[in-house]
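Participant: predicted coordinates and the sequence they were generated for:
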Amino acid sequence: MSAPLAGRFQDHYQVLGIDAKADSAAIERAFRDLSARYDPANADTGDKDKLEAVKLAYEVLSDPELRKSFDALRGGPGAEDKLTFSGAGFFRSIESENARRLAILCILYDRRLRRPSKPGLSLRQLESMLHATPDQLQFAMWYLKQRGQVASDDKSNVAITFAGIDFLESCKPRAEDVMAVLKASCVEADETARQPEPAPPPAQAPAAPDGGETHGELASLAVALETAAKPAQPEPRVPAAAAPQKHPAPAATQPRQAPFPPAQPVHSHVPKPAPAPVRRVISIPPRRPNPSQ
């Protein structure tokens with residue numbers, strides 16, 4: 001923090017030329033304009049002492065706690081005539097404050113990943129990305145600076161520190177909590193969420209072997225071969241004693257029959273042998289010599 005001017009009280013609102021009820025955006029605009037005007041590099045309006053006064057005023061008024069203390073000192077006794085407590089709203093705001101700080105860390109972490117050479121963002125840029133009032137943003141920035149999770153550079157831009165990165169990676173905030181604090185206009189569309197998931201491929205029957213038969217056909221063929229290889233089982237015979245017996249009719253109504261049927265002549269059908277073939281002998285007379293030869 002810049003050292004206060006020795007020997008006299010400095011009204012920071014007058015130094016920046018703003019009203020005592022000015023918000024953080026007005027304080028930042030006034031600081032930027034006056035810093036550029038009193039910069040020693042500016043040959044016409046450069047003033048080192050005034051630049052130090054402007055820096056001190058900005059550091060006090062941009063910190064909610066320091067500004068509150070300065071307002072009490074500036075107003076003197078009775079500056080706050082009636083002290084009040086927020087009531088139930090205070091307890092509801094605790095969760096939202098935590099989510100807001102996590103969202104700021106996520107924004108600055110993403111910024112450092114994308115632009116490592118320029119990781120800082122101004123408070124106005126952060127305010128345009130968050131659902132937060134200037135006072136809520138100022139309170140969150142004060143807390144993060146006190147924890148050493150963010151830091152300001154020479155241009156009053158804030159950037160995440162290694163402590164902030166370690167904290168964010170250790171706590172692993174939920175996406176739905178952080179996205180609820182961010183404005184929809186500053187969030188890039190998720191291309192993967194817009195693409196429908198591919199439909200699962202239809203179920204296919206198992207591939208047939210080289211012969212072309214399916215598994216079911218091969219199983220049926222194996223059963224048929226196994227059945228054919230087994231010897232035929234003869235049908236069980238019913239014993240004669242088990243066969244039902246028929247009782248003959250009474251003698252008065254049924255004629256008497258012979259106990260055994262007459263014997264039938266047995267004819268033998270033995271085939272006769274075939275006659276032997278007749279062989280004929282033909283005699284050829286000897287050849288007579290020719291006297292002329």
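Facilitator: Noted; the coordinates are in hand.
Participant: burial count for residue 156?
Facilitator: 17 (other CB atoms under 10 Å). Every C-beta, even on glycine, is put in place using the N, C-alpha and C of the backbone.
Participant: which pLDDT value belongs to it?
Facilitator: pLDDT for residue 156: 84.
Participant: equivalent analysis for residue 291, please.
Facilitator: 62.
Participant: let me know whether residue 141 touches residue 158 as I believe.
Facilitator: Yes: with contact defined as CB atoms under 8 Å, residue 141 counts as touching residue 158 (6.5 Å).
Participant: what do these two both touch?
Facilitator: Counting by CB atoms under 8 Å, 6 or more residues apart in numbering, the residues touching both residue 141 and residue 158 are 123, 150.
Participant: measure residue 73 to residue 15 for me?
Facilitator: Distance of residue 73 to residue 15, given as CB to CB, to the nearest Å: 15 Å.
Participant: now residue 185
Facilitator: 35 Å.
Participant: quick one, which of those two is more surrounded?
Facilitator: residue 15 (21 against 7).
Participant: locate that one within the secondary structure: which element?
Facilitator: helix 12-16 (DSSP states H and E).
Participant: got any ranges where the stretch 1-150 of the chain has weak pLDDT?
Facilitator: 1-8, 75-82 (pLDDT under 70).
Participant: all strands of it, in order?
Facilitator: For the stretch 1-150 of the chain, the strands defined by DSSP state E, counting those that start in this stretch cover 150-152.
Participant: related to what we said a few turns ago, list the contacts of the helix holding residue 15.
Facilitator: Here helix 12-16 has contacts from 19-20, 22, 27, 30-31, 34, 53-54, 56-58, 60-61, 70, 74, using CB under 8 Å, 6+ apart.
Participant: swap in stretch 127-141?
Facilitator: Outside stretch 127-141, the residues touching it (CB under 8 Å, 6+ apart) are 23-25, 62-64, 97, 100-101, 103-104, 107, 123, 126, 150, 158, 181-183, 186.
Participant: buried subset of the residues you listed as a PyMOL selection?
Facilitator: Buried residues within the contacts of stretch 127-141, by 16 or more other CB atoms under 10 Å, are selected in PyMOL with:
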select buried, resi 24+62+63+64+100+101+103+104+107+123+126+150+158+181+182
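Participant: next step: the contacts of stretch 127-141 restricted to helices.
Facilitator: 24-25, 64, 97, 100-101, 103-104, 107, 123, 126, 181 (DSSP state H).
Participant: excluding its backbone neighbours, what's nearest residue 45?
Facilitator: residue 37 (4.9 Å; CB to CB, 6 or more residues apart in numbering).
Participant: domain map for the protein?
Facilitator: 12-75, 93-186 (automatic domain parsing).
Participant: can I get the ones you listed in JSON lines with distance to residue 86?
Facilitator: Output for those, formatted as JSON lines (distance: least, CB to CB, whole Å):
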{"stretch": "domain 12-75", "distance to residue 86": "15"}
{"stretch": "domain 93-186", "distance to residue 86": "7"}
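Participant: so which of these gets nearest residue 85?
Facilitator: Across the domains of the chain, residue 85 has its closest neighbour in domain 93-186 (12.3 Å, CB to CB).
Participant: doesn't residue 40 make contact with residue 46?
Facilitator: Yes: contact criterion CB under 8 Å: residue 46 and residue 40 qualify, at 4.4 Å.
Participant: with neighbour numbers in mind, choose between those two.
Facilitator: Shown here are residue 46 and residue 40; by other CB under 10 Å, residue 46 has more neighbours (13 against 9).
Participant: quick one, helices of this structure?
Facilitator: Under DSSP H, the chain gives helices at 12-16, 24-37, 48-61, 64-75, 88-114, 123-129, 134-146, 162-171, 175-181, 191-194, 215-229.
Participant: now the third one: buried residues?
Facilitator: Neighbour-count burial for helix 48-61, counted by 16+ other CB under 10 Å, picks out 51, 53-61.
Participant: need those in CSV with distance to residue 145, can you?
Facilitator: Putting these into CSV (distance: CB to CB, whole Å) gives the following:
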residue, distance to residue 145
51, 22
53, 22
54, 20
55, 16
56, 17
57, 18
58, 14
59, 11
60, 14
61, 15
